[in-house]
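K.L.:
Build me a model:
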Amino acid sequence: MKLLLVEDEPALRSTLLESLRQSGYVVEVAPDFAQAYEKIRLYRYDCVLLDLTLPGGNGLDLLRALKTENAASGVLILTARDTLEDRIVGLDLGADDYLVKPFHLSELNARLRAIIRRRQFQGQHHIVFRDLLVWPEQAEVLVRGEPLTLTRKEYDLLLYLLANPGRVLTKEAIAEHLCGDAVDTADSFDFIYTHLKNLRKKLQEKGADNYIRTMYGVGYKLSNE
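P.N.:
Sure thing, here's the model as predicted:
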């Protein structure tokens, strides 16, 4: 899952970044309003972790812009503001949840997982697609009841496809989702083909149907047909 962390305090930003990446998320950061606004205009995120007090602007204005530009993204507000009015305004503007600083990293992760479940998998703790069963919180994949071993990138790719069944995903969108900001340094998107080929091979070796379809000249999609 791809996250945007909008936080201006360097020490907290560094701590959150390390913790989230250790939990397996692809994380981009924005330390101020201007950089955060640019990123939400250009890229898609599964969830945005948003501080309200930012250099150069108000986090609530960023939330308004986010819901205009990219309504599909979840939003978890992280702030020292603890008034009822601030919470109501943030939630009314479309935030999914509100976490007051200071907070425990375990609570942050639990709320983040809940937002992603609600946003992408109808609140379910597991995902069923044809002969696949996936438990995202355990990063466990079963094909016809048999465990499937995947690399981190293969697993992230599978989860991204499962979150977008039937939708054509371009190589650019997949690369951005898997690598975040680091995709800008890539010479080509050939690594996407390699991950897809390996994922298909592992699925078919377990007896799964070939439901990852290539849309030539466009991208790839997970097919129900």
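
K.L.:
so where do the strands sit in this protein?
P.N.:
2-6, 26-30, 47-50, 53-54, 57-58, 74-79, 97-100, 127-129, 132-135, 140-143, 146-147, 169-170, 212-215, 219-222 (DSSP state E).

K.L.:
Let's have these in JSON lines, adding distance to residue 180 and mean neighbour count.
P.N.:
C-beta here means a position set from N, CA and C on the backbone, and glycine is covered the same way. Formatted as JSON lines, the strands of the chain follow (distance: least, CB to CB, whole Å; neighbours: other CB atoms under 10 Å):
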{"stretch": "strand 2-6", "distance to residue 180": "6", "mean neighbour count": "24"}
{"stretch": "strand 26-30", "distance to residue 180": "4", "mean neighbour count": "21"}
{"stretch": "strand 47-50", "distance to residue 180": "13", "mean neighbour count": "25"}
{"stretch": "strand 53-54", "distance to residue 180": "20", "mean neighbour count": "17"}
{"stretch": "strand 57-58", "distance to residue 180": "23", "mean neighbour count": "14"}
{"stretch": "strand 74-79", "distance to residue 180": "17", "mean neighbour count": "22"}
{"stretch": "strand 97-100", "distance to residue 180": "22", "mean neighbour count": "17"}
{"stretch": "strand 127-129", "distance to residue 180": "23", "mean neighbour count": "16"}
{"stretch": "strand 132-135", "distance to residue 180": "22", "mean neighbour count": "17"}
{"stretch": "strand 140-143", "distance to residue 180": "23", "mean neighbour count": "18"}
{"stretch": "strand 146-147", "distance to residue 180": "28", "mean neighbour count": "10"}
{"stretch": "strand 169-170", "distance to residue 180": "16", "mean neighbour count": "17"}
{"stretch": "strand 212-215", "distance to residue 180": "22", "mean neighbour count": "14"}
{"stretch": "strand 219-222", "distance to residue 180": "19", "mean neighbour count": "19"}
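
K.L.:
so can I have TSV of those showing distance to residue 17 and mean pLDDT?
P.N.:
Below are these laid out as TSV (distance: least, CB to CB, whole Å; pLDDT from 0 to 100):
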stretch	distance to residue 17	mean pLDDT
strand 2-6	6	92
strand 26-30	6	91
strand 47-50	10	93
strand 53-54	17	89
strand 57-58	21	90
strand 74-79	13	90
strand 97-100	16	89
strand 127-129	27	85
strand 132-135	26	88
strand 140-143	26	90
strand 146-147	31	90
strand 169-170	26	86
strand 212-215	31	87
strand 219-222	29	87
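
K.L.:
quick one, what contacts the residue nearest to residue 148 when sequence neighbours are not counted?
P.N.:
Nearest residue to residue 148 in three dimensions, chain neighbours excluded: residue 141, at 4.3 Å (CB to CB, 6 or more residues apart in numbering). Applying CB atoms under 8 Å, 6 or more residues apart in numbering to residue 141 gives the contacts 132-135, 147-148, 150, 155, 158.
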